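Asker: following is a predicted model, sequence given first.
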Amino acid sequence: MDADFKNPLSDSVHNKINELLRKFLILGGMPEVVSAYVENNDLLLCQRILDDLVISLRSDFSKYKEKAPTLQISAVFDSVAAQMGRKFVYSNVSADYSHRLLKEGLELLKMSGLVIPVIHSAANGIPLGAEIDIKKQKMLLLDTGIYQRLLGLPLNQNLISDLLVSDDFSLINKGSIAELFAGLEIIKSFSCYEQKSLYYWHRENKNSNAEVDFIVQIGKDIIPIEVKSNSKGSMQSMRIFLEDKKSPFGIRTSLENFGELPDIKIIPLYALGQTLC
C-alpha cells in the first residue's frame, strides 16, 4: 500500500499499524520472544521469556571478568537503560567504580552489540563523523523488549492492555522507548555492506539549549530527525538546526500519520526505517 507526505494512509490502516507497533515495543524482536508470541499469543509469557533472556545476558558478562568485573558491567548495562534518551554520564552509574573501570565496561557492551552509541556531531558538513565529540554520547540498547524488562515493566495484564491502546508514548518511560525504536530503525535503513554510526546534535547556549535526536546524511544533505512521544511538542530545536545548518528539510516521527509542515516531513514511527531506505 503506497502512502507519502501528501497521501497519508487511511485512519483505519494507520491506527491498526500503530496498534501492532505498540505491541512490538513491548515484545521486542528477539527470535525466542517472537516465536513464543506467534505460538501462544500471550504477552505475559513473553515478558517472562524476556526476563530469562536478561538473566542469560548477565551470566554472559562473566566471560569478560578478566577485563572488567561482572558486577561492574551489569551496573553499566542497567544504567544505559536508566539514562536512555540523554547524554550518558558515568557518575550516574555507580559511586563504587572509577570512571576508567566504567568506561571499560561500557566499551565491552558496545563491542558485544548489546549497547549502541549515538555520538554528538557538530554537523557542519559531511561526513558527520568528521566533527564528533566522543565525550558526548547517548546509549541505546539492542532491543525494546529487553529495555522494558530492565526498567521493570510490571507483569500486569491490565497495564499492558492500557499501553497497547495509548496514543501517548510519554506514558511509557517518558517517551524514550520511541527514541530507542527510531534509532534501531535508522540502523536498519543503512546498507548491510556498511558499518555506520548514529549521530545526534546538541547546542549548548547560555540562553537556550537545542538538541536534535538524530541526524542522518541523505545524499549531500544533513537531515535532522526529531522523535516525538505524541503529536504535540515544540519543534524549536529542529527550527534552530534547519536555520543554522541550511538543511533543506527536517523529519518529525511519532504516532502521527504521514503529513507535511513548512520544511518538515512527518513520518509515522513505524515507517521511518522504510522511508529512509
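Answerer: Received, thanks. Numbering: from 1, shown residues only.
Asker: okay, strands next: where are they in the stretch 1-150 of the chain?
Answerer: Here the stretch 1-150 of the chain has its strands, by DSSP state E, counting those that start in this stretch, at 115-121, 132-141.
Asker: just name the most buried of these.
Answerer: Using mean count of other Cβ atoms under 10 Å, the stretch among the strands of the stretch 1-150 of the chain with the largest mean neighbour count is strand 115-121, at a mean of 20. Any C-beta I mention is one placed from the backbone N, CA and C, and that applies to glycine too.
Asker: before we move on, the earlier item: okay if I get the strands of the stretch 1-150 of the chain as CSV plus mean pLDDT?
Answerer: Output for those, formatted as CSV (pLDDT from 0 to 100):
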stretch, mean pLDDT
strand 115-121, 97
strand 132-141, 96
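Asker: CSV for those, including distance to Gly250?
Answerer: Shown next, in CSV, are the strands of the stretch 1-150 of the chain (distance: least, Cβ to Cβ, whole Å):
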stretch, distance to Gly250
strand 115-121, 16
strand 132-141, 19
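Asker: pLDDT weak spots in this protein?
Answerer: Within the chain, the stretches with pLDDT under 70 are 1, 155-175, 230-233.
Asker: show me the helices in it, by range?
Answerer: With DSSP state H as the criterion, the chain has helices at 11-27, 31-40, 43-60, 70-82, 99-112, 144-150, 157-165, 176-189, 236-245, 272-276.
Asker: and the last one, what's buried?
Answerer: Of the residues in helix 272-276, those with enough neighbours to count as buried (16 or more other Cβ atoms under 10 Å) are 272-273, 275-276.
Asker: tell me which of those residues is nearest to Pro262?
Answerer: Closest approach between these and Pro262, by Cβ to Cβ: Thr275, at 19.2 Å.
Asker: that closest one touches Ile266, doesn't it?
Answerer: No. Using Cβ atoms under 8 Å, Thr275 makes no contact with Ile266, being 10.6 Å away.
Asker: quick revisit: the strands of the stretch 1-150 of the chain: which one's closest to Lys103?
Answerer: Nearest of these (Cβ to Cβ): strand 132-141, 10.8 Å.
Asker: who are the packing partners of that closest one?
Answerer: helix 70-82, strand 115-121, helix 176-189, strand 198-203 (3 or more Cβ pairs under 8 Å, 6 or more residues apart in numbering; DSSP states H and E).
Asker: what lies in contact with the second one?
Answerer: Translated: strand 115-121. Here strand 115-121 makes contact (Cβ atoms under 8 Å, 6 or more residues apart in numbering) with 77, 80, 106, 109-110, 128-129, 131-134, 136-142, 183-184, 187, 197-202, 214-215.
Asker: 7 Å instead, please
Answerer: 80, 106, 109-110, 128, 131-134, 136-142, 183, 197-202, 215 (Cβ atoms under 7 Å, 6 or more residues apart in numbering).
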